[in-house]
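Engineer: One predicted model, sequence on top.
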Amino acid sequence: MRKAVTIKSIAEQLDLSRNTVAKALNGQYVPESTRERVLKKAQELNYKSMNLTHIALGKKKYKILLVSGKPLSNINYFIPLVKGIENSCYENNYDLFQLTYNVSTSPFAHLSEHVKKLRADGIVAIECFDKNFIAKLVNLGLPICFYDFSADNVKSATKIDIIRTNDKSAVSEIVNLLHNKYKTEHFTFVGDRKHCLSFYARYIGMRMGIMSFSDKHTVASDILCNDESFPYGNPEAIKTEILKLRRIPDCFVCCNDFVARNVCHALSSLNIKVPNDVMIIGFDNIPEATALSPNITSFSIDKEFLGREMIRTLVQRIENPNIPSRMVTLRTEMILRESTDRND
């Protein structure tokens, strides 16, 4: 009777460890050249041949391009998100390439040529909000998964999916919570609502929450400066805009934690105390939210999971190109902190 072929016998013939051979046969990460050697030898020796076909077909190696509209490594929010993307690609044996593209200075032809040379199977896009750039990116004809999207109307396209968070319902919920708890009625949004889809949804969420108890809110109550010309990172500039308001609101709803922290600094210079005089809400739960007192009330998302979800969604699109385009919404967690706690 023929002796059964084992992982040990394959390893001995290839001068590899049994652990490496087991990983190759089970679809775990090993260098592609090693995987091919193991599969070829296993087929020659007729090792579980019915399962090998599944392994070879089910673990196809994809080339994925991460396109970002700004550097991501120096922005706290994106570090765990990119980690999730990288880890997911590593574990599934996908090749990951990254390109930071400046819409203002780089001809799109450069990116298009890069994609062609790379022979990418799909694209994950982060911080890509320019309407014209998105249209050109979609016209490449590749499957694309966007994290967040343009706030402007973009011509509908096939082969794309969008990952986002439940911005609208989250902000609406906290506006109602503060109204019910503290009788908070006057809210001011701070941020460029047209910057991206998530900022716009946060603004609409605030307006929806207010509408449940009042119809008096107007755009004049908000600070909505275009972020291409207004320095939201400068507390003095924000202070100037606050002084233009007809009244100091009960609560500032900020587009993210970075802006919320600068609003805190601006209010401090005006001797307006948070939260006793005015409350502040941020978004994204980055380290800046808890770096100083008062800690900022915010909304958290598992950013590493978000990155993994981008890869999973993109691969589904690559393998099933004709499925309808999807908007995948991930829930955030409300984190109440000092900036909305009046202790009364």
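Structural biologist: Great, that's in hand. Numbering: from 1, shown residues only.
Engineer: same question for stretch 105-121, mean pLDDT?
Structural biologist: The average of the pLDDT scores along stretch 105-121 is 90.
Engineer: scratch that, stretch 176-187 is what I was asking about
Structural biologist: Rounded mean pLDDT across stretch 176-187 is 97.
Engineer: In that stretch, which of the residues would be classed as buried?
Structural biologist: 176, 178-179, 182, 184, 186-187 (16 or more other Cβ atoms under 10 Å). All C-beta spots, glycine's among them, are computed from the backbone N, C-alpha and C.
Engineer: Farthest pair within those residues?
Structural biologist: Asn176 and His186 (14.4 Å; Cβ to Cβ).
Engineer: helices or strands next to the helix or strand Leu137 falls within in the packing?
Structural biologist: Using DSSP states H and E, Leu137 falls within helix 131-138. Here helix 131-138 touches helix 108-118, strand 144-147, going by 3 or more Cβ pairs under 8 Å, 6 or more residues apart in numbering; DSSP states H and E.
Engineer: ok, the residue nearest to the spatial centre of the chain - contacts?
Structural biologist: For the chain, the residue nearest the mean C-alpha position is Tyr147 (4.6 Å; Cα atoms, centre = their mean). Residues near Tyr147 by Cβ atoms under 8 Å, 6 or more residues apart in numbering: 81, 124-126, 162-164, 306, 310.
Engineer: Among those, which are located in strands?
Structural biologist: If you go by DSSP state E, the contacts of Tyr147 have 124-126, 162-164 in strands.
Engineer: now, which of the residues you listed sits nearest Ser214?
Structural biologist: Distance to Ser214 across those (Cβ to Cβ) is lowest for Arg164, with 27.6 Å.
Engineer: Isn't the closest one up against Leu330?
Structural biologist: Yes: contact criterion Cβ atoms under 8 Å: Arg164 and Leu330 qualify, at 7.3 Å.
Engineer: For these two, indicate the residue with more neighbours.
Structural biologist: Arg164 (19 against 13; other Cβ atoms under 10 Å).
Engineer: Sketch out the low-pLDDT regions of the stretch 151-300 of the chain for me.
Structural biologist: In the predicted model of the stretch 151-300 of the chain, residues 154-158 satisfy pLDDT under 70.
Engineer: would you list every one of the helices in it?
Structural biologist: 167-182, 197-211, 235-244, 257-269 (DSSP state H, counting those that start in this stretch).
Engineer: so which of the ones you listed gets nearest Lys60?
Structural biologist: Of all those, helix 197-211 comes closest under Cβ to Cβ, at 31.6 Å.
Engineer: So which elements touch the closest one?
Structural biologist: Applying 3+ Cβ pairs under 8 Å, 6+ apart, we find helix 197-211 packed against strand 160-165, helix 167-182, strand 187-190.
Engineer: could you check the angle helix 257-269 makes with it?
Structural biologist: 60 degrees (axes from the mean of the first three to the mean of the last three Cα atoms, to 10 degrees).
Engineer: Mind listing residues that contact helix 197-211?
Structural biologist: 129, 148-151, 162, 164-165, 167-176, 179, 185, 187, 189, 191-194, 217, 222, 224, 253, 255-256, 283.
Engineer: gap between that helix and the chain center?
Structural biologist: The gap between where helix 197-211 is centred and where its chain is centred comes out at 19 Å by Cα atoms, centre = their mean, to the nearest Å.
Engineer: buried residues in it?
Structural biologist: So for helix 197-211, counting by 16+ other Cβ under 10 Å, buried means 197-210.
Engineer: Tabulate those residues in a markdown table, adding columns for distance to Arg119.
Structural biologist: Shown next, in a markdown table, are the buried residues of helix 197-211 (distance: Cβ to Cβ, whole Å):
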| residue | distance to Arg119 |
| --- | --- |
| Leu197 | 30 |
| Ser198 | 32 |
| Phe199 | 35 |
| Tyr200 | 35 |
| Ala201 | 36 |
| Arg202 | 38 |
| Tyr203 | 41 |
| Ile204 | 40 |
| Gly205 | 41 |
| Met206 | 45 |
| Arg207 | 46 |
| Met208 | 45 |
| Gly209 | 48 |
| Ile210 | 50 |
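Engineer: Run a quick neighbour tally on Pro324.
Structural biologist: Pro324: 6 surrounding residues under other Cβ under 10 Å.
Engineer: got it, and Met334?
Structural biologist: 15.
Engineer: With Lys61 instead?
Structural biologist: Lys61 has 11 nearby residues by other Cβ under 10 Å.
Engineer: I'd say it and Arg119 touch.
Structural biologist: No: if you go by Cβ under 8 Å, Lys61 and Arg119 don't touch, sitting 11.8 Å apart.
Engineer: pretty sure Gly84 contacts Leu306?
Structural biologist: Yes: with contact defined as Cβ under 8 Å, Gly84 counts as touching Leu306 (6.3 Å).
Engineer: re earlier: which one of the buried residues of stretch 176-187 is nearest Asn295?
Structural biologist: Leu178 (16.2 Å).
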